[in-house]
Each structure stands twice: as structure tokens, then as C-alpha cells.
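Undergrad: Got a predicted structure here, sequence first:
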Amino acid sequence: MGWSVGAARAFRLGADALETPRPTQEALMEIDETLARHIADVQRGLLAVDLDPSRVQALLADIGALVHADAAMGAWLNEGQPWLTTWRAGPQIAAYMAETFAGVDREGNIRTHDPDLDRVNRTRRGLGTGIYHEREFAHRDRIVAARYHREGFGPAGMHHVIGMTARLSVGEAVFAFGYDDGDGLAREEDRIKAVLALLLPAFEQGFQGLDRRSRHRERLEKAMAEADLPARIVAGDAPPPADALLHLPLPELTTGEAPTPYLAVSGPDVEHLAARLAACFDLTERQTATARLLLAGRSTAEIAADLGIRLNTARRHCEAVLDKTGAGQRHRLAVIAARQGRCGPNGCAT
């Protein structure tokens, strides 16, 4: 059978969404119904991509088979750290990338200590999401002479490279496919680009979604730390923590059809909060014990019983704690404690 309606629709979507080179009609006609279904399966996998290296490797293998590659590598940046997964490629690429990684600049470009690779990375990200043959960045003689090829890609079996890239907020996601035979790559280039053009929209959407989820999680964890919340993010299929009082769904962190993760918020850590009040407001040992019981919701009578003191004595300790901390009322004591930062010789920050 010839070019399927479903695959044709997917290609039109890709061409409209991204300014990618349009494959030739001859290349499109080589994509039969079976191949189109395989492409659709890979598209679904790309849309549900996550940080599991084995799943990324499986996608590389699927796409590598579709484009008749001899080896492949996938690379992207997550929370400032480079990730790299390979399929049929030797370990030299990962070792070389780790050795030459130089961080990220203010424009979000991944930088390396190899000037040739650094130029390729910055040029490619500047061009944006797309499908690129290595010759678009350097003449073959310069590629062969470059250190990244001599020490990384060449020894790893990636002698001739074509791939697709998706620009991210920081860095980019790259799936590169290597070929031993440059002439063979040249003969199949139109067909390879046709297949990658069909996959590119899903590739971009999947990795940009992963990037957004990562940044959302990072901001959420930072906010939790700053607010000193007794909370943690729990996988959607994990049992709820026994001490959790609230379970707040986090659809922004959901990947594909996986269960929605949630934020589990526990009750206050009264020991920690009482210690913070004691340090910030110079509470006595007995006042600290009283503060701990007040934070736990105990009444004055219960505090007297727990501490083995008279009711009037317990009442005076409670009043002293509320007066020293400025809480005024019991229900505000936890709020006051949560607002206090670490105490130093110059006092406490709020």
C-alpha cells in the first residue's frame, strides 16, 4: 500500500507547526501502511517521554530502525544537568561529553571546552527546532579533523550524522543518528528526513512538555523549601503517606497516561517548630515544652497534666510563650513558628 491518510495528516500537522524542510514526494511514497503505523506508535512514545533512560533508549532504537541507522544518541538538559542515552553507540560519546561539558551560558546554550563542538551546539540551538545533517554545520574535512569526532563520535560508531533537535528553555533535546557509510546516508537522506519530519512535532512537544514539568517541579520544590512545608511529592500509584492530612493533585507533573502525582501535606512537625521558637524567642526549657504541647493542640489542663505541674503554673507558661512570640492567640503560634528563618548571632530572619 502507499502513503496512508493518517501519515499524510501527521505530516501536514508537522509542516504547519514547524518550519522543517518538506520531504520530496518520492520519499513520502516510500512510506507504506506498515511503516506509517510504526511511525504513529513512535509518535505516541515521544509524546509520553519521561526521564527513564531505558524508555529513551527504546525510542532511539525504534527510530533508528525506521531510518536504518547504525547507532544513535539522545541528549538533553534537565535541571541544569546533562542527560545522554545511546543505542548501539560506544561509550566514547558519553565520556567525551562529560569531559568537555562547561555548563550553560546566560542565553541558555550548552557550552563545552571543545570550540568546534561548542560552535555546533550554539549554531544548532540558534536555528531552533528542526532536522539537521552534519554538513549544515561544517564541511566533512573539518568534521573529521574535529576533536569531538576523533575522540567521541567516530570511535563510538557515529561516523556520519543526521538528527532532529527541539529547542528547550535551557539547552535543547537532540536525537542524532549515526551511519558507517556516508554514501548510504546520502542515498537514503530524503527518506530519512521524511520519517524524521513526521516524528519532529511529537519529539518537540514531548521534550518541551518534559522541560515544563521539570521546571514546574523545581519551582514547586523551591517554594516548599522556602515555606518550610512538611510536604512531599508522591507518585500517583504510590500509597498515601500515613501522616498526610492533605492530598493535592499535581496534573502539571503528569506524564502520558501515568497516574497523576500529588502533593502530600503532613501535620506540623511540632518538635522542629518548638525548637525554632525557642531559638528565635529565647524560650526557657519549660516554655519550650509548653510551646511543643500548644503546637500539638493540647489544652491548658492537658499541658498541666503532661508536664506534671499545677493548672495555674501551666497557664502562666502558656501566657509567657504567647507573649514572647507575639502570637497572642494559640492558633497563630504555628504560623509564627513557620515564618521564622534560621537564627544567628544577629537575630532571626523572617
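TA: Perfect, thanks for sending it.
Undergrad: where are the low-confidence patches of the stretch 1-150 of the chain?
TA: 1-31, 79-80 (pLDDT under 70).
Undergrad: Let me see the ranges of the strands in it.
TA: Counting by DSSP state E, counting those that start in this stretch, the stretch 1-150 of the chain has strands at residues 71-78, 81-87, 101-104, 110-112, 130-133.
Undergrad: Sheet-wise, list the partners of the last one with their directions.
TA: With DSSP bridges as the test, strand 130-133 is paired with strand 160-167 (antiparallel).
Undergrad: Check which residues of the partner strand are buried.
TA: Residues H160, V161, I162, G163, M164, T165, A166, R167 are the ones in strand 160-167 that count as buried (16 or more other C-beta atoms under 10 Å). C-betas here are computed from N, CA, C, even on glycine.
Undergrad: State the pLDDT value of the closest residue to A235 other than its chain neighbours.
TA: Sequence neighbours aside, P261 is the residue nearest to A235 in space, at 5.5 Å (criterion: C-beta to C-beta, 6 or more residues apart in numbering). Note on P261: pLDDT of 82.
Undergrad: cool, and F281?
TA: 93.
Undergrad: likewise the one 4 residues further on?
TA: Confidence at E285, expressed as pLDDT, is 94.
Undergrad: coming back round to it: what's the burial count for the residue nearest to A235?
TA: Neighbourhood size, P261 [other C-beta atoms under 10 Å]: 21.
Undergrad: so what's it up against?
TA: P261 sits next to I233, V234, A235, G236, P249, L250, L253, T254 when contact means C-beta atoms under 8 Å, 6 or more residues apart in numbering.
Undergrad: Of those, which belong to strands?
TA: Among those, the members found in strands (DSSP state E) are I233, V234, P249.
Undergrad: My guess is the first one contacts P241. True?
TA: Put plainly, it is I233. No - applying C-beta atoms under 8 Å, one finds I233 not in contact with P241, separated by 11.2 Å.
Undergrad: For those two, list the residues in contact with both.
TA: A264.
Undergrad: Domain map for the protein?
TA: 5-216, 229-266, 270-348 (automatic domain parsing).
Undergrad: which of those domains sits most buried?
TA: Among those, domain 5-216 has the highest mean neighbour count (mean count of other C-beta atoms under 10 Å), at a mean of 18.
Undergrad: on that earlier part again, show the backbone phi and psi for the residue nearest to A235.
TA: Main-chain dihedrals, P261, degrees, to the nearest 10: phi -70, psi 170.
Undergrad: how close does it get to R213?
TA: 10 Å (C-beta to C-beta, to the nearest Å).
Undergrad: can you check R167 too?
TA: R167 is 17 Å from R213, where distance means C-beta to C-beta.
Undergrad: before we move on, what about G64?
TA: 26 Å.
Undergrad: what about the spatially most central residue of the chain, which helix or strand?
TA: Per C-alpha atoms, centre = their mean, the C-alpha nearest to the average position across the chain is that of S214, at 3.2 Å. For S214, the enclosing helix or strand under DSSP states H and E is helix 182-227.
Undergrad: as a whole number, average confidence for that helix?
TA: Model confidence over helix 182-227, given as mean pLDDT, is 84.
Undergrad: And for stretch 162-175?
TA: 93.
Undergrad: how far is it from where the chain is centred?
TA: Mean-position distance between stretch 162-175 and its chain equals 14 Å (C-alpha atoms, centre = their mean, to the nearest Å).
Undergrad: now swap in stretch 319-336 and tell me
TA: For stretch 319-336, the distance to the chain centre is 41 Å (C-alpha atoms, centre = their mean).
Undergrad: same question, stretch 103-115
TA: So, by C-alpha atoms, centre = their mean, the centroid of stretch 103-115 is 19 Å from its chain's centroid.
Undergrad: For it, measure first residue to last.
TA: 14 Å (C-alpha to C-alpha, to the nearest Å).
Undergrad: what do you get for stretch 237-251?
TA: 14 Å.
Undergrad: if I look at the residue nearest to A235, how far off is P241?
TA: 13 Å.
Undergrad: Please report the distance of the nearest residue to I39 once chain neighbours are set aside from T165.
TA: Excluding its sequence neighbours, the residue lying closest to I39 (C-beta to C-beta, 6+ apart) is L198, at 5.2 Å. Separation of L198 from T165 (C-beta to C-beta): 16 Å.
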